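Student: Sequence and predicted structure are below.
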Amino acid sequence: MKTTFILIAFLIALPLSACTAEQAYLSGQGWQRNQCNRLPDKAEADRCMSNANTPYDSYKQQTQPERR
């Protein structure tokens, strides 16, 4: 319940702030790291943390459509 409230508040506040896409991504990474730390299985937590530590530039390259 608390996590849901925080996520909703974040989604409402995001468009109101003048943050860049990179800042929003980094904020989301922080939230994801907190969630990874709650996982009881170490291997799963390590995989989660690996994804949460993906640099913004790498994320951006992975998500942009290929230009021809």
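Tutor: Nice, I can see it.

Student: Every contact and neighbour count from this point should use C-alpha atoms.
Tutor: Noted.

Student: Output the below-cut-off pLDDT ranges for the protein.
Tutor: 13-18, 67-68 (pLDDT under 70).

Student: Tell me the buried residues in the helix ranked longest in it?
Tutor: Taking DSSP state H as the criterion, the chain has its longest helix at helix 21-37. In terms of neighbour count (16 or more other C-alpha atoms under 10 Å), helix 21-37 has its buried residues at 25-26, 29, 32-33, 36.

Student: Among these, which pair sits farthest apart?
Tutor: The span of the buried residues of helix 21-37, defined through C-alpha to C-alpha, is set by Tyr25 and Cys36 at 16.1 Å.

Student: SS state for Asp46?
Tutor: At Asp46 the chain is in helix, as set by DSSP: H, G, I helix; E, B strand; the rest coil.

Student: Report the contact partners of it.
Tutor: Cys36 (C-alpha atoms under 8 Å, 6 or more residues apart in numbering).

Student: residues near Cys48, how many?
Tutor: For Cys48, the count of nearby residues is 17 (other C-alpha atoms under 10 Å).

Student: nearest to Pro65, of the buried residues of helix 21-37?
Tutor: Closest to Pro65, out of all of the buried residues of helix 21-37 and judged by C-alpha to C-alpha, is Tyr25, at 18.1 Å.

Student: Excluding chain neighbours, what is closest to the closest one?
Tutor: Spatial nearest neighbour of Tyr25, chain neighbours left out: Tyr56 (7.1 Å); criterion: C-alpha to C-alpha, 6 or more residues apart in numbering.

Student: can you pull the contacts of the one you found?
Tutor: Tyr56 sits in contact with 22, 25-26, where contact means C-alpha under 8 Å, 6+ apart.

Student: Next, the angle helix 21-37 makes with whatever helix or strand Phe5 lives in.
Tutor: Take DSSP states H and E as the rule and Phe5 turns out to sit in helix 2-16. Helix 2-16 and helix 21-37 meet at an angle of 170 degrees, taking axes from the mean of the first three to the mean of the last three C-alpha atoms, to 10 degrees as the criterion.

Student: Other residues contacting helix 2-16?
Tutor: Ala24.

Student: For Pro55, grab phi and psi.
Tutor: Dihedral angles of Pro55 (phi, psi; degrees, to the nearest 10) stand at phi -60, psi 150.

Student: All set, thanks.
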